[in-house]
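Enquirer: The following comprises the amino acid sequence and a computationally predicted model.
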Amino acid sequence: MKRLLLLMFVFCLITSGQAQQLRMGAERTFLYFDQLMGKKIAVCGNQSSTIGNKHLVDTLLASGVNVVTIFCPEHGFRGDAEAGAHINSSVDEQTGIPIVSLYGKNKKPTITPNSIDIILFDIQDVGCRFYTYISTLHYVMEAAAENNIEVIILDRPNPNGYFVDGPVLDSAFKSFVGMHPVPVVHGMTIGEYGRMINGESWLANGIHCRLQVVPMDNYTHNTRYELPIAPSPNLQTAAAIYLYPSLCLFEGTQISVGRGTSIPFQVYGHPQLTTGDYHFTPIPIHGVSENPPQKGLDCRGYNLSEYANARLNLGNRFEIGYIINAYQHFPEQEKFFLTNNFFDKLAGTSQLRKDIIAGKTEEEIRASWQTQLEKFKQTRKQYLLYPDFE
C-alpha cells in the first residue's frame, strides 16, 4: 500500500509539472497571428476559447484582426444552453459580431462567397465520440473545403486522451452524436481528430480541407489536465468528465445521470432501481437542465464522484459495468432502453444493447469490440501530434 501511494504521489508530481508548463495552441500566437492580418476571419468557438483569462475573440480584436463572424456549437457561444437545446443565431452583445448557430436547424455553415478567408476553430473537447463538438468540426471543415477556405485549429488537451476504448461506430448508426467510425473514447486531441477527418476522407465526396493545426507545447497523451473552464453546462468537474464516456450511455435509458442536481454525470439512479445506497432528486435548473429526467422523483442509485477522482483518472477503460448493473436491478427491463434507439446511436451499435439484454458478462461484451478497436488504434497513430501513452 505504501509503495502504491508513493507511486501515485510521484505520478501527481510529474503530471502537475506537465500541466504547469503546458501551453495551448491559442496561446502560441506567434505561430498563427501573422496569417490572420488583413484577412476576413470567422471564429468557431465558445466559452472555452480563451487566451489566459481573455476570450480569443477579444484578443483578436484588440490585436487588429478582422473578425467578421462567430460560429457557435451546441450549448451556445457563451456555453449557457443545456444539451439538446435549440441554439438561435444572434449577435454577440460584447462585440457586436454576428453569431451563426451550428446547433439547431443548420449544423453546417452556409458561407457566402468571398465573405470569409480563414476559420479559426478553438473549442475544448472531452474526447468522446458522442460529444458533438467534433461533429461541428466535421461540418466546419466540410463547408470550408467546399469554399476553398483554410481552417486553423488551435489545439487543446483531451482530458480523456490517455486511453482508447469502446465499440467502434457502425455506419448504420451514424448521427450527430456519432459521425465517424471511431470508438467511444478515441484518445485524440481535437487537432489530431481534425487531421484524421481529412486523412481518412470522411468529408462529403471525399473532399479535403486546407487544414492547419497550431499544436500545444509540452503536451503528451499521458498528461492529466483538469479543465479550467467547464466545456458544457453539465460537465462542471473533472470527476464528471472522467465519468462522462461511461455514464452518457444512460441518456438512452430510463436512468437519470443527475441532470437537475449539483453533480450531473457523477451519479446515476432511478426511482425503481433496486440497488445503490445514494439518493437524489432532479429539479429544474435554469440554463442547465430545464426539464431533467425523473424530475421531482427520489432516485436510488450511486454517487461515483470519489471513485472518479481517486481511481478512474488512473485507469484506461470505458466502463460498461454501470449499465449492466442498472439493467439487472431494474424491475421492468423491457422498458429500460428508450424506444427512440438513442442508446444505439450513443453506443454506435445495436450489439451492446442486445448483449446486455442477453445477460452477457462485461468481459464477454468487451471482447466483442477488440478486433475493430485494435484496427482503429493503428489508424489513429498516423494522426498523432504528441507522444502517445503507449
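Expert: Nice, thanks for sending it over. Residues are numbered from 1 along each chain as shown.

Enquirer: which residue packs closest to Gln351, ignoring adjacent ones?
Expert: Take Gln351 and drop its neighbours on the chain: the residue closest to it by C-beta to C-beta, 6 or more residues apart in numbering is Ser368, 6.4 Å away. For glycine as for every other residue, the C-beta is placed from the backbone atoms N, C-alpha and C.

Enquirer: which residues touch the one you found?
Expert: Contacts of Ser368 were listed using C-beta atoms under 8 Å, 6 or more residues apart in numbering, and they are 167, 351, 355.

Enquirer: Repeat the analysis, applying 10 Å as the threshold.
Expert: By C-beta atoms under 10 Å, 6 or more residues apart in numbering, Ser368 lies in contact with 167, 349, 351-352, 355, 360.

Enquirer: I'd like to know how far it sits from Ala347.
Expert: 12 Å (C-beta to C-beta, to the nearest Å).

Enquirer: what's the overlap in contacts for the two?
Expert: The contact sets of Ser368 and Ala347 overlap at Pro167 (C-beta under 10 Å, 6+ apart).

Enquirer: just curious, which of the contacts of Ser368 is nearest to Leu120?
Expert: Pro167 (33.3 Å; C-beta to C-beta).

Enquirer: which other residues reach the helix or strand where the closest one lies?
Expert: Using DSSP states H and E, Pro167 sits in strand 165-168. Contacts of strand 165-168 with the rest of the structure, by C-beta under 10 Å, 6+ apart, involve 128-129, 173, 180-187, 245-246, 249, 315-320, 347-349, 351-352, 365-366, 368-373, 375-377.

Enquirer: in this protein, what spans have low per-residue confidence?
Expert: 1-20, 75-76, 78-89, 311-315 (pLDDT under 70).

Enquirer: Try it again at 90.
Expert: 1-21, 72-96, 101, 103-106, 223-225, 233, 286-290, 306-318, 389-390 (pLDDT under 90).

Enquirer: mind listing the helices in this protein by residue range?
Expert: All helices of the chain, identified by DSSP state H, fall at 2-21, 33-36, 56-62, 133-146, 190-199, 238-247, 305-310, 321-328, 342-347, 351-357, 362-368, 370-381.

Enquirer: Mind checking those helices for the one nearest to Pro157?
Expert: helix 2-21 (8.7 Å).

Enquirer: right, so the helices of the chain: which one is the most enclosed?
Expert: helix 238-247 (a mean of 25; mean count of other C-beta atoms under 10 Å).

Enquirer: Could you export that one as PDB, CA atoms only?
Expert: Extracted in PDB, the C-alpha atoms of helix 238-247 (Å, rounded to 0.1, in the frame of the first residue of the first chain):
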ATOM      1  CA  ALA A 238     -13.000  16.700 -13.500                       C
ATOM      2  CA  ALA A 239     -14.900  13.800 -12.000                       C
ATOM      3  CA  ALA A 240     -17.900  14.300 -14.300                       C
ATOM      4  CA  ILE A 241     -15.500  14.500 -17.300                       C
ATOM      5  CA  TYR A 242     -13.800  11.200 -16.400                       C
ATOM      6  CA  LEU A 243     -17.200   9.500 -15.900                       C
ATOM      7  CA  TYR A 244     -18.900  11.000 -18.900                       C
ATOM      8  CA  PRO A 245     -17.700   8.400 -21.500                       C
ATOM      9  CA  SER A 246     -19.500   5.700 -19.500                       C
ATOM     10  CA  LEU A 247     -22.400   7.400 -17.900                       C
END
